[in-house]
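Dropping a prediction and its sequence here:
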Amino acid sequence: MSVFCKIDDKHVPVYRVVWIADVPHFCGAEDCVAEGRYEIRLEADESVWASREERDNMLAAVERWHGGPGSDESWE
């Protein structure tokens, strides 16, 4: 199991993830390059923008890293 998950062209360490958006970004700005993508917030006020598949892969990677649902180590 790797501690990295690929988002766009970046290998992001799962231990840096603070939260993962459940809905795609929408701000309505004409020049927005993140419309329809999912924000993955990292520590130090950084973010990466992911496709739905990348977001789902990151969620799965974080769950595996933390012991997964149903394990003794998982948070509920």
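Sure, I can see it.

what is the mean pLDDT for stretch 7-16?
If you average the pLDDT over stretch 7-16, you get 95.

which residues sit against it?
3-6, 40, 42-43, 48-50, 54, 58, 61-62, 65 (CB atoms under 8 Å, 6 or more residues apart in numbering). Yep, even glycine has a C-beta here, placed from its N, CA and C like the rest.

So for that stretch, first residue to last residue, what's the gap.
Start-to-end span of stretch 7-16 (CA to CA, to the nearest Å) is 13 Å.

With stretch 33-42 instead?
One end of stretch 33-42 sits 19 Å from the other (CA to CA).

Across the sheet, point out what pairs with the most centrally placed residue in the chain.
By CA atoms, centre = their mean, the chain has its centre lying nearest to residue 40, at 3.9 Å. Note on residue 40: beta-bridge partners residue 20, residue 48, judged by DSSP bridges.

mind listing what it touches?
Counting by CB under 8 Å, 6+ apart, the residues that residue 40 touches are 7, 12, 17, 19-21, 47-50, 55, 58.

show me where the chain has helices.
Counting by DSSP state H, the segments of the chain that form helices are 52-65.

Give the residue spans of it that score low on pLDDT.
Low-confidence segments of the chain (pLDDT under 70): 1, 68-76.

Do I have it right that residue 35 meets residue 26?
Yes: counting by CB atoms under 8 Å, residue 35 does reach residue 26; the two are 6.3 Å apart.

quick one, what contacts the residue lying farthest from the centre of the chain?
The outermost residue of the chain relative to its centre, with distances by CA atoms, centre = their mean, is residue 30 at 24.6 Å. By CB under 8 Å, 6+ apart, the contact list for residue 30 is empty.

cool, residue 62 as well?
14, 17, 20.

show me the contacts for the last one.
Contact analysis of residue 20 by CB under 8 Å, 6+ apart lists 38-41, 55, 58-59, 62.
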